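In: Dropping a prediction and its sequence here:
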Amino acid sequence: MERDTARHRARALALTGVIVLLAAGAAPAGARLAPGPTVDIQSSAGLAPDGRSMAVQVLASCPERWAVVQALVAVSQPQASGQASFPLTCIGSPRMFTVVVPSTGGAFQLGGAQATASVLIKRGKTERAQDSEVLLVQPTVFVDLADSAQLESGGEAVAIAVTVACPVGANGQQSYVNVSQGQTTGNGSYVPVCDGSRHTFTVRVQASQSVYQAGGAQALTFANVEHGGISVSGIDEQQVQIVS
């Protein structure tokens with residue numbers, strides 16, 4: 001009787017083992033459960049010169065074949081707040097998004113800001129990911145070179161207009177314009193005014209060798225500002241026409 005009971009137990013264990021092996025064989029090799037959504041806010045943001053928006057970078061992902069219900073970034077400061085969505089699609093790998101968040105109250109300011117990013121996805125059921133971060137809000141510098149420059153002093157220099165804007169609270173630093181034409185090159189300087197408005201500077205660029213002539217040239221400018229010991233530059237480069 002004991003031997004019969006032992007045989008029944010052995011058969012039951014063997015059958016259980018077969019079922020486990022069959023179940024394991026039914027799953028593809030290396031198969032794993034699909035991960036949920038992820039979202040990660042980067043720690044710094046760029047403030048628009050007029051303070052009406054800031055650009056926040058977010059790294060986000062969601063598994064393939066899921067539908068995005070919502071992908072959102074919200075930013076707040078004591079005097080201003082806002083939110084904006086970003087175009088996440090579920091491709092199974094993370095992507096970086098630059099999300100421009102407009103203010104719905106007062107103007108955003110340099111310094112710190114509280115940010116929250118959330119992703120909600122659906123495929124039969126819903127899953128959510130969320131991240132919060134205290135952002136370091138740094139200035140964004142707008143700079144735009146004119147498309148023409150004026151010959152001066154018989155070609156020893158050219159004058160070119162540069163339009164710059166930077167947020168209130170940033171400090172303008174020595175900035176430069178370079179104009180090159182063949183073997184002729186030269187530099188001029190200006191200091192941005194950071195009050196949220198656009199200012200146009202007429203910069204005299206002195207040739208360091210030879211002389212400029214009417215015709216095409218290449219112009220490059222770095223508009224430099226500083227905030228909290230961190231330097232930020234706006235850059236513009238383009239072909240310009242030198243006119244007499």
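Out: Structure received.
In: so what are the domain limits for the chain?
Out: 38-139, 142-243 (automatic domain parsing).
In: okay if I get these as JSON lines plus mean neighbour count?
Out: All C-beta atoms are positioned from the backbone trio N, CA, C, and that covers glycine. Converted to JSON lines, those look like this (neighbours: other CB atoms under 10 Å):
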{"stretch": "domain 38-139", "mean neighbour count": "17"}
{"stretch": "domain 142-243", "mean neighbour count": "17"}
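In: Mind putting those into a markdown table with mean pLDDT?
Out: Listed next are the domains of the chain as a markdown table, based on pLDDT from 0 to 100:
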| stretch | mean pLDDT |
| --- | --- |
| domain 38-139 | 97 |
| domain 142-243 | 97 |
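In: Name whatever forms a beta bridge with V240.
Out: Under DSSP bridges, the beta-bridge partners of V240 are A217.
In: ok, now which ones touch it?
Out: Counting by CB atoms under 8 Å, 6 or more residues apart in numbering, V240 touches 145-149, 160, 179, 216-219.
In: Q70: which of the residues you listed is nearest?
Out: Proximity of the contacts of V240 to Q70, judged by CB to CB, is greatest for L145, which lies at 40.6 Å.
In: For the closest one, I want the exact helix or strand it lies within.
Out: strand 142-152 (DSSP states H and E).
In: partners of the very next helix or strand once past that strand in the sheet?
Out: For strand 142-152, the following helix or strand on the C-terminal side (DSSP H and E) is strand 157-165. Strand pairing for strand 157-165, using DSSP bridges, gives strand 142-152 (antiparallel), strand 199-207 (antiparallel).
In: re earlier: run through who's touching the strand holding L145.
Out: Contacts of strand 142-152 (CB under 8 Å, 6+ apart): 49, 158-166, 177, 179, 198, 204-205, 212-214, 217, 219, 221, 223, 234-244.
In: what's stretch 177-191 in contact with?
Out: Here stretch 177-191 makes contact (CB under 8 Å, 6+ apart) with 145, 149, 157-158, 160, 162, 164, 172-176, 201, 203-213, 215-221, 240, 242.
In: Can you give me the end-to-end span of that stretch?
Out: In stretch 177-191, first residue to last residue: 11 Å (CA to CA, to the nearest Å).
In: Name the residue closest to the centre of this protein, please.
Out: Nearest to the geometric centre of the chain sits T98, at 4.0 Å (CA atoms, centre = their mean).
In: my guess is it meets Q57, correct?
Out: Yes - contact status for T98 versus Q57: in contact at 5.5 Å, counting by CB atoms under 8 Å.
In: so which helix or strand takes in Q238?
Out: Counting by DSSP H and E, the element that carries Q238 is strand 230-243.
In: Ends of stretch 75-86, what's the gap?
Out: Distance across stretch 75-86, first residue to last, is 14 Å (CA to CA).
In: Which residues does that stretch contact?
Out: Contacts of stretch 75-86 (CB under 8 Å, 6+ apart): 45, 51, 53-54, 56, 58, 60, 70-74, 97, 99-109, 111-115, 135.
In: Equivalent analysis for stretch 36-44, please.
Out: With CB under 8 Å, 6+ apart, stretch 36-44 has contacts from 56-63, 66, 71, 73, 94, 115-121, 127-138.
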